[in-house]
Every structure is written in C-alpha cells, then in structure tokens.
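Enquirer: Prediction below, plus the sequence it came from.
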Amino acid sequence: MTELDLAANELSLVYEDYFVLSETLKLDLDKLLDEESDSQTWRRNFVRTSWPMIEAYSSTLRNLCSVLDKHSKFDKSKRQKHLLANKATFSSVQRIKESMKLAFKIHELDEKPVFGDQNWQKLQKAVKVRNRITHPNSSRDLQISDKDWQQVYEGIVWLMHELFSFFNQVHSKYGPRA
C-alpha cells in the first residue's frame, strides 16, 4: 500500500466519523430548533446542544490535520505542533481557534475565519455562558439575559458558519471533479 493509499484510508476514517457525529448532533439540534422559544430552558438547551457539535467539529479538524501532517509534513508553529500532539493545555475556545487556523492553513483555503472581530468576541461570550450554565454556582448562573443571549446566539451561529465553510471549501477544492 502506498503512502497516498494510507493517507486516503486514514482520511476516509476521519470523514466517516465526522459524518456519523454530524448526523447525530444535527438531529439533536434540529429537534431543538423545531421547538424554538424564548424561554430560559430553550436558551440553555441550545447552548448545551450546540457545544458538543462545535467540539466534535473542532476535533475532526485536528484529526484531519494530524493525518495530513503525518503523510505530508506541513510547516507548523510550535503551538500548532503542541495542538496536534495534545502536549499543550488550551482552553476550549483556544483549541477551537488553533484547530481552525491550522485546518484552513494546511488545506490552503482562501476564505479564512477572522479571529479578533466582534464575532470572535461573541463566541468567547458564548463560551463563558456555556461554562456558567453547565457548572452553576448559584441559580443566577442559569439565567441568560436578553443581551447575553443575542451575543451567545450570534457567536455560535458565526462559528458554525465558519466550520461549515471549511468543509464546503474543502469539498469545492478537493472533492470529486465532474
């Protein structure tokens, strides 16, 4: 089996897992969106349901990068090497950011996410709210104000858009040719 065959098989496994993860988590989110409301319960459940999907996609990006790096040896920063080797402790939001930056870089995609703008700040707010509602210290921690909700929702939607953009760009650039 050639190096290219090995890489193709490993990438196939990563994508196969991605499709199963995606379908399972998408069903959860679809069910939730079918019953959308403005209640605190719905808001908390949206955050709780969205976050596993985000983490799964971030993990998929790292797995893709690991396979490609193993077979192609791309230039990486020390931080990116630590990310792939799981040698550094990154916060959840840092791990997502670094995974996305590396995946877009390795796949040589043009439309990269912008980290540092309002959308990124909204995502960071979403992470804080997610942490607060999954590890509450008081009943107050379970409430998501209207102001926070707007930022949380927009941050999560922005990130999901960027993640889907990655997979769409990969498909456009490397997918089957007609």
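Expert: The structure has been received and is ready for your questions.
Enquirer: low pLDDT regions in the protein?
Expert: For the chain, residues meeting the criterion pLDDT under 70 lie at 88, 177-178.
Enquirer: if I pick T60, what's in contact with it?
Expert: Residues near T60 by Cβ atoms under 8 Å, 6 or more residues apart in numbering: V14, D17, Y18, L21. Every C-beta, even on glycine, is put in place using the N, C-alpha and C of the backbone.
Enquirer: try 6 Å
Expert: Y18 (Cβ atoms under 6 Å, 6 or more residues apart in numbering).
Enquirer: so which helix or strand takes in it?
Expert: helix 40-72 (DSSP states H and E).
Enquirer: Determine how far that helix lies from the middle of the whole chain.
Expert: In this view, helix 40-72 has its centroid 4 Å away from the chain centroid, taken as Cα atoms, centre = their mean, to the nearest Å.
Enquirer: For the helix or strand following it, buried residues please.
Expert: Next in sequence after helix 40-72, counting helices and strands by DSSP H and E, comes helix 78-85. Residues Q80, L83, L84 are the ones in helix 78-85 that count as buried (16 or more other Cβ atoms under 10 Å).
Enquirer: wait, what's in contact with the second one?
Expert: Meaning L83. Per Cβ under 6 Å, 6+ apart, neighbours of L83: E98.
Enquirer: gap between it and K147?
Expert: Per Cβ to Cβ, to the nearest Å, L83 is found 33 Å from K147.
Enquirer: next one: D28
Expert: As judged by Cβ to Cβ, D28 and K147 stand 26 Å apart.
Enquirer: Let me know the angle separating the helix holding T60 from helix 78-85.
Expert: Counting by axes from the mean of the first three to the mean of the last three Cα atoms, to 10 degrees, helix 40-72 points 100 degrees away from the direction of helix 78-85.
Enquirer: List the buried residues in helix 40-72.
Expert: Neighbour-count burial for helix 40-72 flags 43-47, 49-51, 53-54, 56-69 (criterion: 16+ other Cβ under 10 Å).
Enquirer: do the same with stretch 129-146
Expert: For stretch 129-146, using 16+ other Cβ under 10 Å, the buried residues are V129, R130, N131, R132, I133, Q143, I144.
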